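*Asks:* Here's my sequence, what's the structure:
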Amino acid sequence: MSDPTRVTHGPERQLLEYLLDHMRAELIDTVRGLSETEARRRLVPSMTTSIGLVKHAAFAERKWFQSILAGLPDSACDGAMVGEASFVVGDDETVADVIAEFERAGERARTIAADIDLDAIREHPDFGPVSLRWIYLLMIQEFARHAGHGDILREQIDATVSRPPGQA
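*Replies:* Residues are numbered from 1 along each chain as shown. Purely as a prediction, here's the structure:
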């Protein structure tokens with residue numbers, strides 16, 4: 001049976017927004033139900049953790065939608081704007097806090113992009129001119145890649161606690 005909420009046809013913008021929201025949800029699902037310790041477990045040589053992937057995604061939302069698309073200065077953005085530290089989660093931040101931060105950034109991104117044409121161009125300091133369409137595609141790709149990373153980390157975590165994959 002097909003999923004009634006799945007969008008598989010329609011206007012381009014509707015498809016892009018659906019896929020971006022779907023990838024946001026997929027990324028959140030990789031960390032939802034993990035304990036604080038499990039979410040912070042380093043299972044690869046890099047600093048990547050399950051919770052760190054979601055923290056980084058919130059930064060990406062702010063960077064591309066608040067800073068680049070809306071043209072806001074870093075001080076007007078909803079959180080840290082330091083790219084290299086974007087995977088770092090503070091000891092005082094919980095899984096729920098980081099999920100909420102990502103959800104807030106996504107909601108603000110939706111609000112900012114709502115009235116902007118897909119062909120609208122903004123200037124990125126490294127990439128040059130970019131359209132909203134390109135930003136949507138980049139974010140879909142970015143969140144899909146990180147959801148895949150999160151899936152692998154989740155499989156490793158679930159295997160160590162004798163829990164079926166994806167089950168809290």
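
*Asks:* drop to CA atoms for contacts and neighbour counts, all remaining ones
*Replies:* Will do.

*Asks:* Nearest the geometric middle of the protein, what residue?
*Replies:* Of all residues in the chain, the one closest to the mean position by Cα atoms, centre = their mean is residue 57, 3.3 Å from it.

*Asks:* For the chain, which segments count as strands?
*Replies:* Taking DSSP state E as the criterion, the chain contains strands spanning 121-124, 128-131.

*Asks:* what's the longest helix in the protein?
*Replies:* Criterion DSSP state H: the longest helix present in the chain is helix 132-160.

*Asks:* Report the distance from that helix to the chain centre.
*Replies:* Relative to its chain's centre, helix 132-160 lies at 8 Å (Cα atoms, centre = their mean, to the nearest Å).

*Asks:* what do you get for stretch 58-76?
*Replies:* Using Cα atoms, centre = their mean, the offset of stretch 58-76 from its chain centre is 14 Å.

*Asks:* Give the buried residues for that stretch.
*Replies:* Across stretch 58-76, burial judged by 16 or more other Cα atoms under 10 Å covers 58-71.

*Asks:* End to end on that stretch, go ahead and measure it.
*Replies:* 15 Å (Cα to Cα, to the nearest Å).
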